[in-house]
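**Student:** Got a predicted structure plus its sequence, pasted below:
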Amino acid sequence: MKLSYWRKPKDPPKPIGTDPDADLQLLLSECRKNLPRCNETLIAKAFRFCLQAHQNDLRESGEPYYTHPLEVARIIVNEIPLDDVSVCAALLHDVVEDTTYSLDDIRAEFGTTVAEIVDGATKISGIFRSTELRQAENYRKLLLALVKDVRVILIKFADRLHNMRTLGHLPPERQQRLARETLDIYAPFAHRFGLANIKWELEDLAFKYLYPEEYNAIRQALAESRAEREAYITRFVEPIAERLKKEGFRFEITGRPKHIYSIYQKMQRLGVPMSELYDLLAVRIILDTSENKDCYTVYGIVADIYEPIADRFKDYIARPKKNSYQSLHAAFIGPEGKRVEVQIRTRSMHEIAERGIAAHFRYKENQGNGRVPSWWNDKELEEWANWVRDIFENAGDEAPEQLLESFKLNLYQDEIYVYTPRNDLIILPQGATPLDFAYAIHSEIGNHCIGAKVNCRRPKTGDQVEILTSKNQHPTKDWERICITHKAKSNIRKYLNEEKRRIVEQGKQLWEKRLRKATLQLTQEQFDRMLGKMGVPNPSEFFYKLGLGIIGADAALKLIGADQSAVASPLAEEVAPSGLSDRLRAESGVVLDGAHPPIPNLLYHYARCCNPVPGDDIVGIITVGSGIKIHRRDCRNITDASDSLQARMIKLTWAPNQSGEYLATIRVTGEDRPGMLHDITNAITGYRNTNIRSVNIDAFGNDFEGIITLYVRDLNHLNEIFSRLGKIRGVRGVSRFNG
């Protein structure tokens, strides 16, 4: 049994930089204490090489430069205990970048493995600097370095941690830049790799320089209340320790210090002062056992002594976090009615919780054959790498700023555990949507998702989610605002970018075909002048608008003064009413009812607010820049139209013998029950293979409202859908939806 009610502050670092021989002996003694095996000759050789390479260099503090790689190596030894190869690479990590020695020199002196780690650290040294964010390729360098040897990224964490500990010697503007970079990237990355202690220290150090007043206020308040908290924790743990000892457990109970930045975040999130935070009291019970079930037994013992708070229990043993973190989290009502958070875990769980991926490395390191790192075959290490790989492989050619934002979001999110109908577990960030779930399964399922069967709009832990798909469904820009996961957002952007490239190519082919038909050959100067007159910034945008039909090839040719006979078309300036009628009949399936003044460069759209289908009474509105918008006559935007809008209306009728499919949006309301969504979708798709584009169901107590967009051939088709839906048990109403 071991009791330590509060973590003692670390001993002040021993002064280094005045006696290199003493510094080396200090490092070697720490290696003997913390590393499973240690080639002292190799480490001493690397230290002396570092000393020689940096002999004329000084840090901003005025200390010899070698003190920095030495301190990085000591962090590797004491806080992320890896192996002697990692210590050598840490000592040499700045040699290639900052001195005249080359990678070949490193390889010749220390072998291929050390050289590759140093090379990886050198390549990603500037990866997170704002000036480098313009090149998304830098992110892929990080992935490649990680996959090659995870020790590269661990050395970079140690490098940044020492730089943050000594940040006070830099000018304020550099302090701010490095602190922001640390808070945005390095700390979240450390969190994702399970390096809890390093993450907390990085956050607190960054917070200290970014918000010094808030930092000092919280630090002072913690110092003033420390004695009171320690006394309370002592009273709280005494009966627990007595029971655990009686039951024969070997254990350690420690006070769990709250970190300054996490306290600040909670104050901001809840909008309360520090004095009103109830969870500053926290303890951790660490069991010396290999049996996970003992953690649950201990929870039961604590629950016998203090009243548990039911909604504060979290089981990360049965469902580990993505960074392999395992522990039971609970909260209890302690003496005087105060809430106390309790974490219960085994010793091995604690090691992984504190050191994350480094703990796995240490456990597997002894199994290596000297050449192929066996730790890379570890399943959990592979899952870490797969997570990073997924982030970068889905990046495509998106803007680095977009990648950075979604990367930061996905690094820090809490997780939910959701199941497919086959009971496959999908782990998602808290707040994820069914669309995120769809993309987590496969990009094609996401791209064709029209809805999901789930008991609430946003999935929560324990939900089973079934995705509904349609071959006619495709992503739109609005989807990106719905999703929160990087995988979903990047796949949506990837699809939209590919779709734009396809439309650009179509527009280019249309343009080339029109030029051949007119037997014209434009000079680059003529083409550029035409783009200028149209207000189009570049050829790609021109071809894109041409492919979409936003602009016409003939209208574009007129701007460069091409022969009128060569560009004559139904869209020419003098269009007779009959010509307009033919144009509407051919292009949109509607016919102009009566004569109307000529309309140049006609465009047309079906209004999304009412989605007219053949058989509906329709009217058209002449708009500026968007041609004619075709509405249902009972559309709210028509019935409430102003005088000026009514003046721009034209009467339209549907052309006979319509073919194709049209979008229609309907509202379905009724009594919510299990299987309701299944019955609704079956009623729709079971009639003439009707395709659904999207489904949005909201539940309100025992009632629901669904907004469904589907493809129909005409009004008769839609009315039959209405009839089938109205026969479903619990459905109370079906109507057209006016947005």
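**Tutor:** Received it, and whenever you're ready, just let me know what you need.

**Student:** and after the strand or helix carrying E242, which helix or strand comes next?
**Tutor:** Per DSSP states H and E, E242 falls inside helix 212-246. The helix or strand immediately downstream of helix 212-246 is strand 251-255, counting by DSSP H and E.

**Student:** Could you list every helix and strand in contact with the helix holding E242?
**Tutor:** Packing partners of helix 212-246 (3 or more C-beta pairs under 8 Å, 6 or more residues apart in numbering; DSSP states H and E): helix 196-210, strand 251-255, helix 260-270, strand 282-287, helix 293-305. Where you see a C-beta, it was placed from the backbone N, CA and C, and this is true even at glycine.

**Student:** give me the low-pLDDT residue ranges for the stretch 51-200 of the chain?
**Tutor:** 123-148 (pLDDT under 70).

**Student:** now the helices for the stretch 51-200 of the chain?
**Tutor:** Secondary structure of the stretch 51-200 of the chain, counting by DSSP state H, counting those that start in this stretch: helices at 67-78, 84-91, 95-98, 103-110, 112-123, 137-148, 151-165, 172-181, 187-192, 196-210.

**Student:** Out of those, indicate the one that is most buried.
**Tutor:** helix 84-91 (a mean of 28; mean count of other C-beta atoms under 10 Å).

**Student:** Show me what it is packed up against.
**Tutor:** helix 20-34, helix 40-53, helix 67-78, helix 112-123, helix 151-165.

**Student:** CSV for these, including distance to V712?
**Tutor:** As requested, the helices and strands packed on helix 84-91 are exported to CSV (distance: least, C-beta to C-beta, whole Å):
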stretch, distance to V712
helix 20-34, 71
helix 40-53, 73
helix 67-78, 66
helix 112-123, 56
helix 151-165, 54
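
**Student:** Compare these and report which one is nearest to E415.
**Tutor:** Judged by C-beta to C-beta, the one of the helices and strands packed on helix 84-91 that comes nearest to E415 is helix 151-165, at 21.5 Å.

**Student:** quick revisit: the helices and strands packed on helix 212-246: lowest mean pLDDT?
**Tutor:** Here the lowest mean pLDDT among the helices and strands packed on helix 212-246 goes to helix 260-270, at a mean of 85.

**Student:** Which residues does that helix contact?
**Tutor:** For helix 260-270, contacts defined as C-beta atoms under 8 Å, 6 or more residues apart in numbering pick out 200, 203-204, 206-208, 211, 214-215, 218-219, 222, 273-274, 276-277, 279-280.

**Student:** tell me the contacts of T67?
**Tutor:** By C-beta under 8 Å, 6+ apart, the contact set of T67 is 16-17, 23, 59.

**Student:** Hmm, I typed the wrong one, I wanted D304.
**Tutor:** Contact analysis of D304 by C-beta under 8 Å, 6+ apart lists R243.

**Student:** before we move on, back to that, looking at the helices and strands packed on helix 212-246, which is nearest to D478?
**Tutor:** Closest approach to D478 among the helices and strands packed on helix 212-246 (C-beta to C-beta): helix 260-270, 28.2 Å.

**Student:** And the next helix or strand past the helix or strand hosting G446?
**Tutor:** Take DSSP H and E as the rule and G446 turns out to sit in helix 443-447. Using DSSP H and E, the helix or strand that follows helix 443-447 in sequence is strand 449-453.

**Student:** Note down every partner strand of that following strand and its orientation.
**Tutor:** Paired with strand 449-453 in the same sheet, following DSSP bridges, are strand 466-469 (antiparallel).

**Student:** I'd like the helices of the stretch 51-200 of the chain as a markdown table, with distance to S735 appended.
**Tutor:** A markdown table is the format used below for these (distance: least, C-beta to C-beta, whole Å):
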| stretch | distance to S735 |
| --- | --- |
| helix 67-78 | 66 |
| helix 84-91 | 67 |
| helix 95-98 | 68 |
| helix 103-110 | 71 |
| helix 112-123 | 61 |
| helix 137-148 | 49 |
| helix 151-165 | 57 |
| helix 172-181 | 52 |
| helix 187-192 | 47 |
| helix 196-210 | 53 |
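
**Student:** For N472, which of those helices is the nearest?
**Tutor:** Per C-beta to C-beta, nearest to N472 of the helices of the stretch 51-200 of the chain: helix 137-148, 34.6 Å.

**Student:** for the helices and strands packed on helix 212-246, which one sits closest to H605?
**Tutor:** That would be helix 260-270 among the helices and strands packed on helix 212-246, by C-beta to C-beta, at 44.3 Å.

**Student:** Next, the angle from that closest one to helix 212-246.
**Tutor:** Going by axes from the mean of the first three to the mean of the last three C-alpha atoms, to 10 degrees, helix 260-270 is angled at 100 degrees with respect to helix 212-246.

**Student:** Next, the buried residues of helix 260-270.
**Tutor:** If you call a residue buried by 16 or more other C-beta atoms under 10 Å, then helix 260-270 has these buried ones: 260-261, 263-264, 267.

**Student:** for the contacts of T67, which one is nearest R633?
**Tutor:** Distance to R633 across the contacts of T67 (C-beta to C-beta) is lowest for R59, with 77.9 Å.

**Student:** To what extent is the closest one buried, counted in neighbours?
**Tutor:** Residues lying near R59 (other C-beta atoms under 10 Å) number 17.

**Student:** In space, what's closest to it - neighbours in sequence excluded?
**Tutor:** Distance criterion C-beta to C-beta, 6 or more residues apart in numbering; nearest residue to R59, sequence neighbours excluded, is Y65 at 5.6 Å.
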